[in-house]
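> Quick one: sequence and predicted model below, then my questions.
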Amino acid sequence: MGVKLLLDKAHVEGIRYFDVYRREGGYRSVEKALKQMSPEAIVEEVKKSGLRGRGGAGFPAGMKWSFIAKPEGVPRHLVCNADESEPGTFKDRYLMEFIPHLLIEGLIVSSFALGSHDTYIYIRGEYAWIVDILEQAIEEAKANGFLGKNILGTGFDCNIYVHRGAGAYICGEETALIESLEGKRGNPRIKPPFPAIQGVWNRPTVVNNVETLAAVVPIINMGGEEYAKIGVGRSTGTKLISACGNINKPGVYEIDMTISVEEFIYSDEYCGGIANSKRLKACIPGGSSVPILPANLLLKTAKGETRLMNYESLSDGGFATGSMMGSGGFIILDEDQCIVKNTYTLARFYRHESCGQCSPCREGTGWMEKILKNIDTGKGKMSDIDLLWDIQRKIEGNTICPLGDAAAWPVAAAIRHFRDEFEWHVLNPEESQKRNYGLAHYADPIHVPTVA
Amino acid sequence: MVQFSESQMAEFNRLVSHYPAGKQKSALLPVLHLAQNSFGGWLSAETMDYVAELLQIQPIEVYEVATFYSMYNLKPVGKYMFEVCQTGPCMINGSDDIIAYIGEKLNIKPGETTADGLFTLKTVECLGACGYAPMMQMGKTYREHLTKEKVDSIIEECRKTAALNN
């Protein structure tokens, strides 16, 4: 059993309610932070912890906090990004649904550290029932003196409001989220200025993911240095992984980032192996935007080392032979899955979610969807594969926000590692409509050249 | 004429109170949800103009937002809307079959509403329930681990509730 810092109490009956959460040791970090620590000291603890943003980008949270501008007389805001929309990712939903007070607790401490008196949770519109859960938790915290005016008699005032989105993946991008919070279309802003200088209503703003803010609670309770001892290298603390696809036990797991990918997939503590005794074909380890890897490159790196479930190991080999930790959305594909079809559904997703502001993304995502649909339905040409490669290359890096990259990477990785499956579809238009390409050679041991 | 009831107006005021004075436009998304729920499950031009007036913004500011976000319905929908996810993780777990089955059973294509106005079928992109696939959204809740049998019983349940309310 690995260390659990966030979900250790998730199964306690009634933990959703304040009384039980408090009895189990909840809100201790608020008492410690507000009564014994200065805002600067809290930022320092978070820096020491090495906590990296859990939304996908993995940017050091303490450093992000230290960027916030503090002009005289201008209010600052903390905004919690609960717009979880990356395919394969459902960890924040789990956290908010089952232990909402952990997020509220983290938000109070973080608001104090950043000087935010009005803090917002931007939640995706589809999580409608979770809005009620969070608002109830906020009311309970307020009734018990942890929110509102003069919290615990310390003179610190803070309110938390839930802002419901309305169905737009792009609003998970922090500047689009800010636009949406202002009641506008979710079109990302050009940076700079960064939100830490000019965010919501042109005020200094910090946007953090749900899991990042929840992790502030154990960091304050145990101290940043102790937190940093968990994990490996720059992958400190614990990470929530939402596992789905063809596995026996889909769900949300908290890992300490020292376990191997193989253990995560096959051990009964986690995914419990591939469903229906099938064989592993491929995996998208960090949400749909990150490169897909065939089984042989997933379990071992190109150097032949065991791949671990952490930021560094998952990205070992760069995009040529590695992938990314991303948001922790772990999607497993078994031997019966078609890589072309899977890539097509993801391309359709990004076309649907492109905000339309930048031409390469607006046009390119549509072209990729159409071409992939053609190949999937047996109407593809050999030149389509190179055309796809060309389009994704022209989207990547040429857009205001990272949605363009997120749309390009899955297509690039699918062609990079599964080109023969694409070619088989083109060469066998009829057969490809009746059966799948199968596992082929994707699980074969990789050749590791010996260094002379 | 569209007009919020007293309790809907109280909710409107609660939503607007979340934002700083003069920044009432920020309440637009939550208020549009409230308006959609209050006025028949969709946003007519009249409803949008009403929201613009309440928030003291231009109607175009409401239109551009209502057309951007996928959860706002710009035309009437059935009493029950089945929004079935079709993205990768759900597709792997058989969402195509579920969509086809619902379509067959209700005799409609995605995007259409049954003649009796009871059901609308819609395909949507990832709703964050990948571990519980295949799934669909129905109003405020998610229906997960869908099978054909489960779809049958959901449709049955909707028909019964609708008959009771008539």
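That came in fine, so what should we check first?
> Phi, psi for B:Ser153 please.
phi -70, psi -30 (degrees, to the nearest 10).
> Sorry, slip of the keys, the one I care about is A:Val206.
A:Val206 adopts backbone torsions of phi -120, psi 130, taken as degrees, to the nearest 10.
> Would you check that my belief about A:Leu346 contacting A:Ala412 is correct?
No - in this structure, A:Leu346 is not within contact of A:Ala412 by CB atoms under 8 Å, at 11.7 Å. Just so you know, the C-beta spots here come from the backbone N, C-alpha and C atoms, and that holds for glycine as well.
> neighbour-wise, which of the two wins?
A:Leu346 (32 against 22; other CB atoms under 10 Å in any protein chain shown).
> Quick check on that one: phi, psi?
phi -70, psi -40.
> Let me know the outermost residue of chain B.
Computed with CA atoms, centre = their mean, the residue of chain B farthest from its C-alpha average is B:Ala21, at 29.8 Å.
> which residues of chain B fall in helices?
Along chain B, the stretches classed as helices by DSSP state H are B:6-16, B:28-38, B:45-55, B:59-66, B:88-92, B:95-106, B:148-165.
> Out of those helices, which is the most enclosed?
helix B:88-92 (a mean of 28; mean count of other CB atoms under 10 Å in any protein chain shown).
> Quick check: mean pLDDT of it?
For helix B:88-92, the mean per-residue pLDDT is 95.
> Also stretch A:153-171?
97.
> And for stretch A:194-201?
97.
> Only the C-alpha atoms, please, for that stretch, written as PDB.
Provided in PDB are the C-alpha atoms of stretch A:194-201 (Å, rounded to 0.1, in the frame of the first residue of the first chain):
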ATOM      1  CA  PHE A 194      -0.300  36.600 -17.400                       C
ATOM      2  CA  PRO A 195      -3.200  36.100 -15.100                       C
ATOM      3  CA  ALA A 196      -1.000  36.700 -12.100                       C
ATOM      4  CA  ILE A 197      -0.700  40.300 -13.300                       C
ATOM      5  CA  GLN A 198      -4.000  40.800 -15.100                       C
ATOM      6  CA  GLY A 199      -6.600  38.100 -14.600                       C
ATOM      7  CA  VAL A 200     -10.300  38.200 -13.900                       C
ATOM      8  CA  TRP A 201     -11.600  41.700 -14.100                       C
END
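> Can you tell me what sits against that stretch?
A:64, A:67-69, A:77, A:79, A:120, A:174-175, A:178, A:181-182, A:204-207, B:20, B:23, B:26 (CB atoms under 8 Å, 6 or more residues apart in numbering or on different chains).
> In the record's domain split, what are the boundaries for chain B?
Following automatic domain parsing, chain B resolves into domains at B:6-68, B:80-164.
> Distance to chain A added to those, as TSV?
Output for the domains of chain B, formatted as TSV (distance: least, CB to the nearest CB, whole Å):
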stretch	distance to chain A
domain B:6-68	3
domain B:80-164	4
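> Tell me which of the ones you listed lies nearest to A:Cys244.
Distance to A:Cys244, taken as CB to CB, is lowest for domain B:80-164 among the domains of chain B, at 3.9 Å.
> for chain B, what are the nearby residues on the stretch 101-250 of chain A?
A:118, A:120, A:124-129, A:161, A:163-169, A:180-186, A:201, A:242-246, A:250 (CB under 8 Å from any CB of the partner chain).
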